[in-house]
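Colleague: whatever this is, show me its structure:
(one chain, ligands or ions: 1)
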Amino acid sequence: MSMLNTSDALPFPILIGDIGGTNARFSILADASAEAVNFANVRTADFETIDEAILKGVFAKTEMRPRAAILAIAGPINGDEIPLTNCDWVVRPHTMIEGLGIEDVIVVNDFEAQALAISALGDGERERIGAASGEIVASRVVLGPGTGLGVGGLVRAQGSWIPVPGEGGHVDLGPRSKRDLEIFPYIETIEGRVSAEQILCGRGIVNLYRAICKADGIEPKYRDPADITSHALAGTDTTAVETIFLFSTYLGRVAGDMAMIFMAKGGVYLSGGISQKILPALRQPEFRAAFEDKAPHSHWLKAIPTYVVTHPLAALAGLSFYARRPASFGVSTKGRRWRG
Ligand SMILES: Nc1ncnc2c1ncn2[C@@H]1O[C@H](COP(=O)(O)OP(=O)(O)OP(=O)(O)O)[C@@H](O)[C@H]1O
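Modeller: The predicted model follows:
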């Protein structure tokens with residue numbers, strides 16, 4: 001098995017890239033043991049194409065020329081022209097191979113990259129939430145509230161880590177407490193449904209805040225999720241405080257569901273821009289209490305560690321773990337790998 005994977009390994013130097021809607025981040029790995037060379041963030045809006053961004057943001061800054069590339073993108077990967085969600089770039093591996101001299105290109109989903117990252121984050125790159133601890137080699141899962149809600153599983157099987165990209169952010173999220181039942185009728189739905197992503201992302205914070213205002217018959221004051229979280233953390237607005245308290249509860253509820261689905265005894269990780277921004281709220285008891293509140297399986301949820309990923313470039317870290325040691329991971333490259 002490992003022989004097959006080794007012969008499939010990408011040639012170094014390898015360009016790794018995390019291509020978001022707003023920012024793209026690139027690094028180059030010179031070889032399997034070298035430190036990654038990181039390049040400054042590229043704003044996607046500043047360049048017409050990703051190829052131009054690589055030429056000006058990477059090639060103009062180094063003599064190194066990558067022979068291979070692994071890119072993580074938000075969105076599905078179908079065919080040879082891969083449009084990005086939330087920006088105008090289209091990833092065209094054939095054009096990259098012709099124009100940039102790269103021989104081998106792999107494109108994966110951004111939450112697959114996050115899942116690869118949680119295989120090996122150190123204690124300085126994550127903060128533990130709750131009492132459960134231990135470095136258990138077992139399946140893991142990552143949830144990332146940001147522009148949307150991404151979910152990635154990392155299944156441990158046959159001595160490998162297998163990342164599972166899915167659409168876990170779109171599961172249903174239901175009311176549980178008396179207060180939930182007052183608020184849920186006012187949550188804006190998607191085609192009649194409250195999916196987790198209707199609440200657990202940036203615009204979801206505003207959706208939840210507005211629903212609480214409606215339930216209480218008060219006029220909303222904030223339209224920006226950052227205003228709501230800053231007033232919540234400062235304790236300067238009671239509705240904002242409740243919004244982030246309930247956000248943490250619902251995030252714990254969905255995180256616990258994902259833990260049960262993946263049997264994630266190896267831990268549940270929270271990534272995405274918002275988890276780090278609301279860390280003080282996640283340290284409060286609500287997140288962890290909701291995570292464990294899973295009768296008849298509360299006892300085993302209590303034993304599962306939960307973490308907030310604090311690594312500033314987690315997706316890139318995940319891609320470099322894979323680039324360095326492809327044989328440790330079961331990444332399917334079918335339909336997602338192009339060679340010159
Ligand atoms: N202080 C804050 N509190 C809560 N939400 C915030 C805060 N700052 C930004 N947001 C929201 O977080 C979302 C962006 O999340 P994040 O930074 O994780 O981006 P992303 O989804 O990873 O996208 P990209 O990869 O393109 O940067 C937006 O919806 C934004 O409104």
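
Colleague: gap between R253 and I82?
Modeller: Look at R253 and I82: by Cβ to Cβ, to the nearest Å, they are 33 Å apart. Just so you know, the C-beta spots here come from the backbone N, C-alpha and C atoms, and that holds for glycine as well.

Colleague: how about C213, phi and psi?
Modeller: In terms of degrees, to the nearest 10, the main-chain angles of C213 are phi -60, psi -50.

Colleague: leaving out the residues flanking it, which one is nearest to it?
Modeller: The shortest distance from C213 to any non-neighbouring residue, by Cβ to Cβ, 6 or more residues apart in numbering, is to P220 (4.4 Å).

Colleague: which ones are touching the one you found?
Modeller: Shown in contact with P220 (Cβ atoms under 8 Å, 6 or more residues apart in numbering): 209-210, 213.

Colleague: can you tell me which of the residues you listed has the most neighbours?
Modeller: Of all the contacts of P220, Y209 has the most neighbours under the rule other Cβ atoms under 10 Å, reaching 28 neighbours.

Colleague: near the ligand, anything from stretch 235-246?
Modeller: No: using Cβ under 6 Å from any ligand atom, stretch 235-246 stays clear of the ligand, coming no nearer than 8.7 Å.

Colleague: now that stretch: buried residues?
Modeller: Along stretch 235-246, these residues count as buried under the neighbour rule (16 or more other Cβ atoms under 10 Å): 237, 239-244, 246.

Colleague: P93 versus Q114, what's the distance?
Modeller: Look at Q114 and P93: by Cβ to Cβ, they are 22 Å apart.

Colleague: try V141
Modeller: V141 is 29 Å from P93, where distance means Cβ to Cβ.

Colleague: try A259
Modeller: 35 Å.

Colleague: and those two? Which one has more around it.
Modeller: Taking other Cβ under 10 Å, A259 and P93 do not tie; A259 has more neighbours (26 against 22).

Colleague: touching, the more buried one and F291? I think so.
Modeller: Yes: counting by Cβ atoms under 8 Å, F291 is a contact partner of A259 at 7.3 Å.

Colleague: anything in contact with each of those two?
Modeller: Common neighbours of A259 and F291 are listed as 268, 301, 304 (criterion: Cβ under 8 Å, 6+ apart).

Colleague: the residue in the stretch 151-300 of the chain positioned nearest to the ligand: neighbour count?
Modeller: Nearest residue of the stretch 151-300 of the chain to the ligand, counting by Cβ to the nearest ligand atom: G202, 1.8 Å away. Around G202 sit 21 other residues, with neighbours defined as other Cβ under 10 Å.

Colleague: need the per-residue pLDDT for it.
Modeller: Note for G202: predicted pLDDT of 96.

Colleague: how about the residue nearest to C213, secondary structure?
Modeller: coil (DSSP: H, G, I helix; E, B strand; the rest coil).

Colleague: any idea how far it lies from R210?
Modeller: Computed as Cβ to Cβ, the P220 to R210 distance reads 5 Å.

Colleague: what does the average pLDDT come to for stretch 211-231?
Modeller: Stretch 211-231 comes out with an average pLDDT of 98.
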